[in-house]
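S.K.: Output the structure for:
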Amino acid sequence: LQYKLELLEDKDWEREWMDNFHPMKFGERLWICPSWKAVPEPEAVNVMLDPGLAFGTGTHATTALCLTWLESLELSGKTVVDFGCGSGILSLAALKLGAAKVIGIDIDPQALLASRENAKRNGVDDRLALYLPENQPTVKADVVVANILAGPLQALAPTIIDFVRPQGQLALSGILEEQAGCLQAIYSQWCEMDTISTKDEWVRLSGKRNS
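M.R.: Purely as a prediction, here's the structure:
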């Protein structure tokens, strides 16, 4: 094993990270913007984000794949479930793109805190309901997105699919290319699956639930 040791100058690492988080565009009209920077296109759909201690800034391929998918849908008036909501980035994108209501679920209380604060920052907190899994509601949504990991997506498949109404849309990410075939087969039990979308070594699976 080859390795080297190198001294790094001491820095304000939180500030260093913030300085390198820049506005990013997804699809034709959706921007994810750090809450401390100016928006590049004020007339676009802008999500102002501070992830805090939660996962989700749009820089990771899995989040980018899900954001691009959401931007491609007609969400006006729809109910969306964000399973594993993290920072709330996908929930907020769905709401700013026209969703009537989003239900965000996460096992981490810090994620729910970050999602709630980001929702307030974007003026959509009245349309976002947040839950820990033990308190999650029974609901049939028009759109369900789950950006977690392949293991939980497999283990929780019956739970996740139960949120999707007949003919509802589903997207799954947090999946490596070599894991995609197994999960595609599992969710094909309930959905007509689309062609797999790939970014870097990660994939997004999507489909429509059967009637």
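S.K.: most residues in a single strand of this structure, which one?
M.R.: The longest strand of the chain (DSSP state E) is strand 164-176.
S.K.: average pLDDT for that strand?
M.R.: Mean per-residue pLDDT for strand 164-176: 98.
S.K.: can you dump the C-alpha coordinates of that strand into PDB?
M.R.: In PDB, the C-alpha atoms belonging to strand 164-176 read as follows (Å, rounded to 0.1, in the frame of the first residue of the first chain):
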ATOM      1  CA  VAL A 164     -47.000   5.000  -4.700                       C
ATOM      2  CA  ARG A 165     -50.600   5.300  -6.000                       C
ATOM      3  CA  PRO A 166     -51.600   3.200  -9.100                       C
ATOM      4  CA  GLN A 167     -50.000   4.900 -12.100                       C
ATOM      5  CA  GLY A 168     -47.900   7.000  -9.800                       C
ATOM      6  CA  GLN A 169     -44.200   7.800 -10.500                       C
ATOM      7  CA  LEU A 170     -41.300   6.400  -8.600                       C
ATOM      8  CA  ALA A 171     -37.500   7.200  -8.600                       C
ATOM      9  CA  LEU A 172     -34.800   5.400  -6.600                       C
ATOM     10  CA  SER A 173     -31.100   6.400  -6.300                       C
ATOM     11  CA  GLY A 174     -28.100   5.900  -4.000                       C
ATOM     12  CA  ILE A 175     -27.400   2.900  -6.200                       C
ATOM     13  CA  LEU A 176     -24.100   1.800  -7.800                       C
END
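S.K.: contacts for that strand?
M.R.: 62-63, 65-66, 69-70, 73, 84, 140-150, 153, 160-161, 183, 187, 190-191, 201-211 (C-beta atoms under 8 Å, 6 or more residues apart in numbering). Any C-beta I mention is one placed from the backbone N, CA and C, and that applies to glycine too.
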